[in-house]
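I would like to see how this sequence folds:
(chains A and B)
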Amino acid sequence: MHLRDTEDEAAFRSELRAWLAEHVPQLPPEPPHDDLAARREHEARYQEMLFEAGYAGINWPVEGGGKGASPSEQLIYLQESAAAHAPEVSVGFVGQMHAGPTLIAEGTPEQQAHHLRGILTGEHVWCQGFSEPEAGSDLASLRTRAVRDGDHYVVTGQKIWTSNASVADYCEMLVRTDPEVPKHKGITWLIMPMDLPGIEVRPLVTAQGSAEFAELFLDEVRIPVANRVGDENDGWRVANVTLSFERGTGFVREMLDTTNVMQDLVTIAQRTPRAGGTAWDDPGIRRDIGEVAAELDALWAYTKRNVSAGARGGLPMGSGSAFKLSYAGVVQRLGDIALRVLDRSSLAMDDIDGLPTAAQVHGRLHAFAVSLGGGTSQIQQNIIAERVLGLPRER
Amino acid sequence: MDLVPSDDQQALQEMVAGYAADRFDIDTVRAFGEPGGFDRSAWAQLAELGTFGIAVPEDRGGVGLGTIDAVLVHETLGAGLVPGPLVAATLAAELLDGVIDGSVVPAVLVRPDHGPVVVEHLRDADVLLVVDDDGVSRVDATSVGGSLLPHPTDPVTPVTLLDAVPEGERIAGPEVALAWRRTGSALASSQLVGLSEACTAVAVEYAKERQQFGKPIGTFQGLKHLLADCYVRTEVARSAVWGAGVTIDEPEAGDVDRALAAARVMAARAATDNAKTGVQVHGGMGFTWEVVAHLYLKRAWVLETQFQNPDDAAELIAASLGS
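From the prediction side, this is the model:
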């Protein structure tokens, strides 16, 4: 067991650190949270810089056009990027973390040739059409129907929680191709170009007041059969391939960014007057933040451990669920502490007294995404209880 | 970077775990707490396995492995509720003749800044080692003034209230004292992690067997979610403790004191919360002396204050953030 960088890792780190120090300051200021078009443009610009430098697709295999970095190098990449406050993959998340790796593993040569480069350069943005109003935690019960008509599928139904749909070029979508068989066996994975007729995108405004989510209403959308990834009715397996990429290191950059948010909160506390001093003099606040930092440090160690285990032959069962449960808890506690520090500065999602207070309130609200998205915390608890601890199934 | 035990390290853990399960069944563990119950031959056999000399160089009679290997061994000792001054013996093995083979039993006291002077395992010890900023001092156990307390919270951990911190013979300087505090913290945290996993396993087994409303109580989400949270706490804390253990061996890889503090915060929470869950899952029986659940909680309370308490650890981390 060791934690120090090997010679190769140290070389990778110092080269990357120098590149980030030179290029991140060249970027214009980050656009507002709710201006998706501007965010897409901002992120695409950075993605192109990464592509030119050979850092795009850091976790993708070389044969897919990626960097093919080792798991350790991927963590170094995430750590250094967070430390340099480089843009987080947000609008590009589905393409880079889901669709791209899925196409490399399961796509046809034509699909790979058509899509991979556009994801890597930031030219193409993808969204995800998995969840439906009646298929949330029970995703496999999805009902969006695809009926074969010659060399097309005719797709009708509704999708929800489709992040960035209003600025996306393609959608990775799960559809029901056989309603007569058990629910997991009649699902197919399709690539849907977002400019096809019959697609209506309705923005879904979140509790944060912005519309990064949308609902998709699909009315007889004709998708070529050539856009199918994997076999017909084999989509559940392909979807698990897709989600396995997210469960590996999907939340790691966000967790590292939370470390930055925590450090900002310390700065705010040090500048927030309280009777006789500042909020940072309050031992209760200090101790609670110290405990949050302990858990974030521990989650970083857990990430290293899981990546080490993955490199040796597979992520331990339940580790993705455990990471997400723990992270959801700690990011929400951090947000709760932030509101205590802010006191009445939390009444607006605007910066007050020249301090970055708005991001803290946004952070507390956004933290619900961690305990709700990608399988709620309660579903993750069931997964651990049944599949890891071996407790009897209720259903 | 590699934060998973090697095959050899896993074999070492399995060997110690097998020995602990074989020689320290729960009745043996309980018996250690009885007056005169400390079994010196069992202690010497534990020493013979190399338990205390894991990180002592081979030319000094040890196994010659790293701090992380000692950390891994203490995880299995904690899981087995193995009794006695395990951390003290591991720390003193290199410095004090006879500790490595179990013939001399040490107790360790970290000089408190304030409050009463309470020390574990002095009842069964030959020597008391006092650790403070200036170094390590040695005192014969028989010459220490104090009284054995009649009702130790953990019935397996005898506790003595000293009249004062005794003055002894200085046997090591500040560098050794600092190393002991760090390694001692890591080893106690590691025992907490092992304990947190073991008490969860006991509760999970009970939840699979105990039937109410016509099915095992572990079928109900109310219990499932409690037990899933136990698993999460153990795994996250384990990662922090392993990271701290490796950082002691590779100080250039990170901030040792911060890593130890994070490990303590997480390990103490995992052990105490999981042990409390263990009591709760056992229902009324969990509140009885007979069922083992309370022994895990009481041991967790003992261990979480050793060398560093979780509140001080959190404050240390806060100070590192605020500077």
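
residue contacts, residue 71?
Chain wasn't specified; assuming chain A. With contact taken as CB atoms under 8 Å, 6 or more residues apart in numbering or on different chains, residue A:71 is in contact with A:307, A:308, A:310, A:311. Where you see a C-beta, it was placed from the backbone N, CA and C, and this is true even at glycine.

not quite, go with chain B.
Under the criterion of CB under 8 Å, 6+ apart, the contact list for residue B:71 reads B:186, B:187, B:190, B:241, B:242, B:244, B:245.

show me how far the helix or strand that contains the third one is from its chain's centre.
Element membership of residue B:190, judged by DSSP states H and E, is helix B:174-209. Remark: helix B:174-209 is offset 5 Å from the chain centroid, using CA atoms, centre = their mean, to the nearest Å.

which element follows it toward the C-terminus?
Next in sequence after helix B:174-209, counting helices and strands by DSSP H and E, comes strand B:211-212.

now do the residue nearest to residue B:264 when sequence neighbours are not counted against residue A:302, distance only.
Closest residue to residue B:264 apart from its sequence neighbours, by CB to CB, 6 or more residues apart in numbering or on different chains: residue B:313 at 4.2 Å. Separation of residue B:313 from residue A:302 (CB to CB, to the nearest Å) stands at 18 Å.

residue A:204 too?
Using CB to CB, one gets 32 Å for the distance from residue A:204 to residue A:302.

what's the burial count for residue A:238?
Residue neighbour count, defined by other CB atoms under 10 Å in any protein chain shown, stands at 22 for residue A:238.

which SS state does it fall under?
Per DSSP: H, G, I helix; E, B strand; the rest coil, the local secondary structure of residue A:238 is helix.

was I right to think it contacts residue A:230?
Yes: here residue A:238 reaches residue A:230: they are 4.1 Å apart, a contact under CB atoms under 8 Å.

list residues touching both of those two?
A:106, A:189.

per-residue confidence at the residue found closest to residue B:49 once you drop the neighbours it is linked to in the chain?
Of all residues not flanking residue B:49 in the chain, residue B:19 sits nearest, at 6.0 Å (CB to CB, 6+ apart). Residue B:19 is assigned a predicted lDDT (pLDDT) of 94.

host element of residue B:19?
Using DSSP H and E, residue B:19 maps to helix B:7-23.

run the chain-centre distance for that helix.
16 Å.

mind naming the longest strand for chain A?
Counting residues, the longest strand in chain A under DSSP state E turns out to be strand A:213-224.

can you list the neighbours in contact with whichever helix or strand comes after that one?
Next helix or strand after strand A:213-224 toward the C-terminus (DSSP H and E): strand A:228-229. Contact with strand A:228-229 is made by A:102-103, A:106-108, A:111, A:153, A:188-191, A:235, A:238, as judged by CB under 8 Å, 6+ apart.

which of the residues you listed are buried?
Neighbour-count burial (16 or more other CB atoms under 10 Å in any protein chain shown) applied to these gives A:102, A:103, A:106, A:107, A:111, A:153, A:188, A:189, A:190, A:191, A:235, A:238.

closest to chain B among those residues?
Set against chain B, the nearest of those by CB to the nearest CB is residue A:102 (26.9 Å).

hmm, the closest one is touching residue A:240, no?
No: with contact defined as CB under 8 Å, residue A:102 does not reach residue A:240; the gap is 10.1 Å.

all strands of the stretch 251-395 of chain A, in order?
A:273-274, A:277-278 (DSSP state E, counting those that start in this stretch).

same question for the stretch 201-323 of chain B.
Along the stretch 201-323 of chain B, counting by DSSP E, counting those that start in this stretch, strands occupy B:211-212, B:215-216.

mind listing what the last one pairs with, with the direction of each?
Okay, so that is strand B:215-216. When pairs are called by DSSP bridges, strand B:215-216 turns out to pair with strand B:211-212 (antiparallel).

for chain A, what's the longest helix?
Using DSSP state H, we find that the single longest helix of chain A is helix A:283-312.

return the subset of the buried ones among the contacts of strand A:228-229 lying in strands.
Per DSSP E, the subset of those in strands is A:153, A:188, A:189, A:190, A:191.

just these now: which is nearest residue A:95?
For those, the residue nearest residue A:95 by CB to CB is residue A:191; the value is 11.2 Å.

look up how far residue A:172 lies from the nearest residue to the closest one once chain neighbours are set aside.
In space, and not counting its chain neighbours, residue A:191 is closest to residue A:227: 4.2 Å by CB to CB, 6+ apart. Remark: distance between residue A:227 and residue A:172 (CB to CB) = 10 Å.

and for residue A:231?
Residue A:231 is 16 Å from residue A:172, where distance means CB to CB.

which of these two has more residues huddled nearby?
A count of neighbours by other CB under 10 Å puts residue A:172 above the other of residue A:231 and residue A:172, at 25 against 13.

distance of the nearest residue to the more buried one once chain neighbours are set aside relative to residue A:186?
Ranked by CB to CB, 6+ apart and with sequence neighbours excluded, the top spatial neighbour of residue A:172 is residue A:99, at 4.7 Å. From residue A:99 across to residue A:186, the span is 22 Å (CB to CB).

correct me, but residue A:334 touches residue A:266?
No: taking contacts as CB under 8 Å, residue A:334 lies outside contact range of residue A:266: 11.0 Å.
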